[in-house]
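Q: sequence first, predicted coordinates after that:
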Amino acid sequence: MQKPSREVMHVPPVLLYTHYPLSVFQLFGGLVWILVASSNVPLPLLQGWVMFVSVTAFVFSLLFLAVFLSGLVTQIDANWNFLDFAYHFTVFVFYFGAFLLEAAATSLHSLHCNTTLAVQPLLDNNQYNINVAATIFTFVTTACYGCSLGLALRRWRP
């Protein structure tokens, strides 16, 4: 008895080559993760979401890149152009929200908190500088995912 042949979906090479820049996105996302964590997270409600987005996007980007580099895309029957678009859209929306929250957390630099002994600023100068850098890298990562989203839309739509 012969085994039935399974048709393998051909993935355009342009789709494979566009996923190599994901490593740059991962680098920027990892920097956001490191910078927010090193600021001791003075605002856990705002910066907790930023940490969640950066860690989750970092892990899923690694998995997505591994699927493409391992060649599993030729063995899994799926519309990879649509999945690429949906992934980048989701991550772009989450990172845009994370950028807004990180910018809001950074803007609270001069807010004074009442402590038991004295009134102190919410963020000291070191935490403020780290949060500024995290805000910049969150914006850069958002812009990178936005550009990749535009390219994914061009590939997905005929």
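A: Arrived safely, thanks for sending.

Q: would you mark the buried spots in the longest helix seen in the chain?
A: Scanning the chain for the helix with the most residues, using DSSP state H, yields helix 125-156. By neighbour count with 16 or more other C-beta atoms under 10 Å, helix 125-156 contains the buried residues 127-128, 130-142, 144-146, 148-149, 151-152, 155-156. C-beta coordinates here come from the backbone N, C-alpha and C atoms, glycine included.

Q: residues contacting the residue positioned nearest the centre of the chain?
A: Nearest residue to the geometric centre of the chain (C-alpha atoms, centre = their mean): residue 57, 4.2 Å. Residues near residue 57 by C-beta atoms under 8 Å, 6 or more residues apart in numbering: 25, 29, 91, 94-95.

Q: and which of those is nearest to residue 108?
A: residue 95 (20.5 Å; C-beta to C-beta).

Q: for stretch 97-111, buried residues please.
A: For stretch 97-111, the neighbour count (16+ other C-beta under 10 Å) marks 98-103, 105-106, 108-109 as buried.

Q: just send these back as CSV, with pLDDT and secondary structure too.
A: Below are those laid out as CSV (pLDDT from 0 to 100; DSSP: H, G, I helix; E, B strand; the rest coil):
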residue, pLDDT, secondary structure
98, 92, helix
99, 93, helix
100, 93, helix
101, 90, helix
102, 88, helix
103, 90, helix
105, 84, helix
106, 85, helix
108, 79, helix
109, 74, helix
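
Q: closest to residue 61 among those?
A: Proximity of these to residue 61 (C-beta to C-beta) peaks at residue 98, which lies at 14.3 Å.

Q: the nearest residue to residue 131 once chain neighbours are set aside: what's it in contact with?
A: Among residues not flanking residue 131 along the chain, residue 106 sits closest, at 4.2 Å (C-beta to C-beta, 6 or more residues apart in numbering). Neighbouring residues of residue 106 by C-beta under 8 Å, 6+ apart: 123, 128, 131-132, 134-135.
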